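Enquirer: kindly generate the corresponding structure for this input.
(chains A and B)
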Amino acid sequence: MELFLTSLLNGVTYGLLLFMLSSGLTLIFSMMGVLNFAHASFYMLGAYFGYVISTYVGFAPALVLAPLAVGAIGSLIERYGVRRAHAFGHVAELLFTFGLAFLIEEVVHLVWGKSPVPYKVPAALDGPLFTMFASTFPAYKAFMMAVSVGMLIALYALLTRTRVGLVIQAALSRPDMVEALGHDVPKLFMLVFGGGVGLAALAGVIGGNAFVTEPGMAAAVGTIVFVVVVVGGLGSLTGAFVASLGIGILQTFAVAIDWKVPGFERLTLSQTAPVLPYLIMVLILIARPRGLMGTRES
Amino acid sequence: MTRRLVPWALLVAALALAPVLFSKGFALSLLCQTGILVIFALSYNMQLGQTGLLSFGHAVYYGLGALFSIHALNLGYVPTPLVPLVGGAAGLVFGLLFGYVTTRRAGTTFAMITMGIGEMVAACSLMFPAFFGGEAGVSGNRALREPIAGLTFGPQVQVYYLVALWLVGCVIAMHLITRTPLGRIANAVRDNPERAQFVGYDPQAVRFHMVALSGLFAGIAGGLAAVNYEIVSAESLSALTSGQVLLATFLGGVGFFAGPVVGAIVVTLMSTVLAAYTQAWPFYFGLLFLVMVLFAPGGLASLAVMQKRLWDAGALRDALAVYARLALPAALAVGAAVFAVEMTYRGVRTPELWLGTAAVLVVASWSTRWTWMRARDRWAVASTALEAKARA
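Expert: Next up is the predicted model:
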């Protein structure tokens, strides 16, 4: 029971963090039809920016400033890179974001080196929140959950209750019509790209110190985020939410439980944990290419 | 006919003479590395360039081919020169298996399924360390106990000629495939799958055949890598390797058969020679890739072909005049950018140096842009001549 509850809480925390990444990716995809391979790289940039800013002015300003800075960079990249590549077609666009991910990792190598940076949880949030059975639940995890849920509510409110949110929703399905009605759709694209990337950066700021801030963090999380988006259904925010939580919990449980896989004596379930998400993704893509809740294929 | 054979004769001659010119150990292993990457990149282009399938998991076939080869080498039933056959067979089998799964869709879905399969196979290496070698990798010994015709394949020169032989065979085979009905229909499926289907070909079947064949050649490349390095680690089937072959192929140019060859050579040179000068080489490499995606999506090969066409149209003089004017400011801008990158890498914090570099960078970029604007008329003359020639 104790193991179950701890794993569940850890899984939900991880799943919510994944949702911060996958929500931006899904929004960008449904709007522009481009799968942003560099999305997790912005998550990494967020963590590094958060580290730098928090060493100078503290963690609370970093929580706001880092996502804004990364979002601004993202908007510029959309304006001068993605838009240009878009003219050459989907393959060029995918290749552009792929090259961008490669380049961002190298920039991080150049500026901050190859070893992890000492990005620490702020002292105010360091320590246990409550004790459950014998194990403690860290306060920072609760903070992460609070930020994720807050962002979730804010995103929902933005998309359904504000004018710009409604225009974005309209532009998701009928960009031509929205443009014909006089809205500046390219500017909206910049906004959504910057916003989505900023969300990834926010996840980086709060995730970077909970895990490790190192140049490999983008690659480690990037493919999982892809799995989430594909399994949930490309373009579906609800699907991304369900898949984020599902895969977050699944991975935490698979690592925590030490069952033997029947038939393979030397193989424990925790060893299969890294493969499970990809297996699910491949099976979903074969059986139901539009994902759990997606409405379109590509 | 004879004219068409000239490049091939040159290739064979160059491959045969290369060890005479580059007899140093480093150069020789560089040549082997290039040869292997050439086969690998050409096999990748069977998917990307010829069938229009963007794959993010091509290293699966290469890595599995290499793993099966190294195990075959260790078991000792297969003589060293034929070990790549084992790799090719493994690549083909997995190409058939994964190709059946992946080619049901094209486009973005294909790209994602290949990435998923690539990650899945790479993650499997942690689950089955006995076969995948775990973190240390699987090592082997290529040297034969009983020499065949005096060759043991222990010395690097003999391995080089083995690689060269396989290279020529594979390049010819892959070139011939582009000329078969399958190769032609693959191009049709790439350009317009709907029409290809309307004419009576099943796009899925065509993609499936091309992926399987490309797996075969990737496996051969993996087998050669196993023989050449005598060690196969899990990295050979990781996303890193998939990315490298994608970068090399695209950089060279996907639209031309020789494009990936150029790309493989450039990438090998950058990753060895440039790496000896600066640790920031992957940065320059990534930047070059992005610039190519945005400004020359046809790759290096397309740039070369454009010069040839300009020459044929008699417009190369105008083009050269434009290049000459752009050369100085562009070189200054690139130089300043490189200087800035190197300063970042070395942690230089002198503000004067940074300000100076930034000033040079801004001025040079602006003057490049300005020169380009002014040279546009001249460039228009060249491109008009080119178009007129194309129409005639």
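Enquirer: phi, psi of the closest residue to residue B:275 other than its chain neighbours?
Expert: Residue nearest to residue B:275 in three dimensions, not counting chain neighbours: residue B:281, with 4.8 Å by C-beta to C-beta, 6 or more residues apart in numbering or on different chains. To be clear about C-beta, it is placed using only N, CA and C from the backbone, and glycine gets the same treatment. Dihedral pair for residue B:281: phi -60, psi -40, per degrees, to the nearest 10.
Enquirer: can you pull the contacts of residue B:281?
Expert: B:270, B:271, B:274, B:275 (C-beta atoms under 8 Å, 6 or more residues apart in numbering or on different chains).
Enquirer: within the helices and strands, which one has the nearest residue to residue A:125 once chain neighbours are set aside?
Expert: Excluding its sequence neighbours, the residue lying closest to residue A:125 (C-beta to C-beta, 6+ apart) is residue A:140, at 4.7 Å. Residue A:140 is part of helix A:139-161 when elements are defined by DSSP states H and E.
Enquirer: who are the packing partners of that helix?
Expert: Packing partners of helix A:139-161 (3 or more C-beta pairs under 8 Å, 6 or more residues apart in numbering or on different chains; DSSP states H and E): helix A:2-32, strand A:128-132, helix A:163-173, helix A:185-208, helix A:237-256.
Enquirer: rerun at 7 Å
Expert: helix A:2-32, strand A:128-132, helix A:163-173, helix A:185-208 (3 or more C-beta pairs under 7 Å, 6 or more residues apart in numbering or on different chains; DSSP states H and E).
Enquirer: so where's the chain uncertain?
Expert: Reading this off chain A. By pLDDT under 70, the weakly predicted segments of chain A are A:1, A:132-135, A:257-271, A:295-298.
Enquirer: nope, chain B
Expert: In chain B (pLDDT under 70), the answer is B:1, B:390-392.
Enquirer: check it for its longest helix and report it.
Expert: helix B:351-391 (DSSP state H).
Enquirer: gap between that one and the chain center?
Expert: How far helix B:351-391 lies from its chain's middle: 29 Å, per C-alpha atoms, centre = their mean, to the nearest Å.
Enquirer: surely residue B:212 and residue B:95 touch.
Expert: Yes. Counting by C-beta atoms under 7 Å, residue B:212 touches residue B:95, with 3.9 Å between them.
Enquirer: which one of those two is surrounded by more residues?
Expert: residue B:95 (29 against 21; other C-beta atoms under 10 Å in any protein chain shown).
Enquirer: give the next helix or strand downstream of whatever helix or strand the more buried one lives in.
Expert: Per DSSP H and E, residue B:95 falls inside helix B:83-102. Counting by DSSP H and E, the next helix or strand C-terminal to helix B:83-102 is helix B:107-127.
Enquirer: is chain A within reach of that following helix?
Expert: Yes. Helix B:107-127 comes into contact with chain A (C-beta under 7 Å from any C-beta of the partner chain), by way of B:107-109, B:111-113, B:115-117, B:119-120, B:123-124, B:126-127.
Enquirer: spell out which parts of the stretch 1-150 of chain B neighbour chain A.
Expert: Close to chain A, as judged by C-beta under 7 Å from any C-beta, the stretch 1-150 of chain B has residues B:54, B:101, B:105, B:107-109, B:111-113, B:115-117, B:119-120, B:123-124, B:126-127.
Enquirer: hmm, 6 Å instead?
Expert: Residues of the stretch 1-150 of chain B lying near chain A by C-beta under 6 Å from any C-beta of the partner chain: B:54, B:101, B:107-109, B:112-113, B:116-117, B:119-120, B:123, B:127.
Enquirer: now for those, which pair is the farthest apart?
Expert: B:107 and B:127 (30.8 Å; C-beta to C-beta).
Enquirer: ok, back up a step: show me what counts as buried in the helix holding residue B:95.
Expert: B:83-96, B:98-99, B:101-102 (16 or more other C-beta atoms under 10 Å in any protein chain shown).
Enquirer: same thing with stretch A:77-89?
Expert: Those would be A:77, A:78, A:79, A:81, A:82, A:83, A:85, A:86, for stretch A:77-89 by 16+ other C-beta under 10 Å.
Enquirer: could you do stretch B:12-25 as well?
Expert: So stretch B:12-25, judged by 16+ other C-beta under 10 Å, has buried residues B:15, B:18, B:19.
Enquirer: could you dump the residues you listed into CSV with secondary structure added?
Expert: Listed next are the buried residues of stretch B:12-25 as CSV, based on DSSP: H, G, I helix; E, B strand; the rest coil:
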residue, secondary structure
B:15, helix
B:18, helix
B:19, helix
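Enquirer: closest to residue A:284 out of the residues you listed?
Expert: For these, the nearest to residue A:284 is residue B:15 (46.2 Å; C-beta to C-beta).
Enquirer: grab the nearest non-local neighbour of the closest one.
Expert: Spatial nearest neighbour of residue B:15, excluding adjacent residues (C-beta to C-beta, 6+ apart): residue B:164 at 4.4 Å.
Enquirer: contact partners for the residue of chain B most remote from its centre?
Expert: When distances are taken from the C-alpha mean of chain B, residue B:352 lies farthest, 41.1 Å away, according to C-alpha atoms, centre = their mean. Counting by C-beta atoms under 6 Å, 6 or more residues apart in numbering or on different chains, residue B:352 makes contact with nothing.
Enquirer: how much space separates it from chain A?
Expert: The span separating residue B:352 from chain A equals 20 Å under the rule C-beta to the nearest C-beta, to the nearest Å.
Enquirer: what parts of the stretch 1-150 of chain A come near chain B?
Expert: A:84, A:85, A:88, A:91, A:92, A:95, A:96, A:99, A:102, A:103, A:106, A:110.
Enquirer: now tabulate those in JSON lines and tack on secondary structure and distance to residue B:245.
Expert: Shown next, in JSON lines, are the residues of the stretch 1-150 of chain A next to chain B (DSSP: H, G, I helix; E, B strand; the rest coil; distance: C-beta to C-beta, whole Å):
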{"residue": "A:84", "secondary structure": "helix", "distance to residue B:245": "25"}
{"residue": "A:85", "secondary structure": "helix", "distance to residue B:245": "20"}
{"residue": "A:88", "secondary structure": "coil", "distance to residue B:245": "21"}
{"residue": "A:91", "secondary structure": "helix", "distance to residue B:245": "16"}
{"residue": "A:92", "secondary structure": "helix", "distance to residue B:245": "18"}
{"residue": "A:95", "secondary structure": "helix", "distance to residue B:245": "13"}
{"residue": "A:96", "secondary structure": "helix", "distance to residue B:245": "18"}
{"residue": "A:99", "secondary structure": "helix", "distance to residue B:245": "14"}
{"residue": "A:102", "secondary structure": "helix", "distance to residue B:245": "13"}
{"residue": "A:103", "secondary structure": "helix", "distance to residue B:245": "18"}
{"residue": "A:106", "secondary structure": "helix", "distance to residue B:245": "18"}
{"residue": "A:110", "secondary structure": "helix", "distance to residue B:245": "24"}
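Enquirer: format the residues you listed as JSON lines; extra columns: distance to residue A:283.
Expert: Output for the residues of the stretch 1-150 of chain A next to chain B, formatted as JSON lines (distance: C-beta to C-beta, whole Å):
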{"residue": "A:84", "distance to residue A:283": "36"}
{"residue": "A:85", "distance to residue A:283": "31"}
{"residue": "A:88", "distance to residue A:283": "33"}
{"residue": "A:91", "distance to residue A:283": "26"}
{"residue": "A:92", "distance to residue A:283": "30"}
{"residue": "A:95", "distance to residue A:283": "27"}
{"residue": "A:96", "distance to residue A:283": "29"}
{"residue": "A:99", "distance to residue A:283": "30"}
{"residue": "A:102", "distance to residue A:283": "29"}
{"residue": "A:103", "distance to residue A:283": "33"}
{"residue": "A:106", "distance to residue A:283": "34"}
{"residue": "A:110", "distance to residue A:283": "39"}
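Enquirer: so how do I select the buried members of the residues you listed in ChimeraX?
Expert: Entered in ChimeraX, the line below selects the buried ones among the residues of the stretch 1-150 of chain A next to chain B, by 16+ other C-beta under 10 Å:
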select /A:85,91,92,95,96,99,102,103,106,110
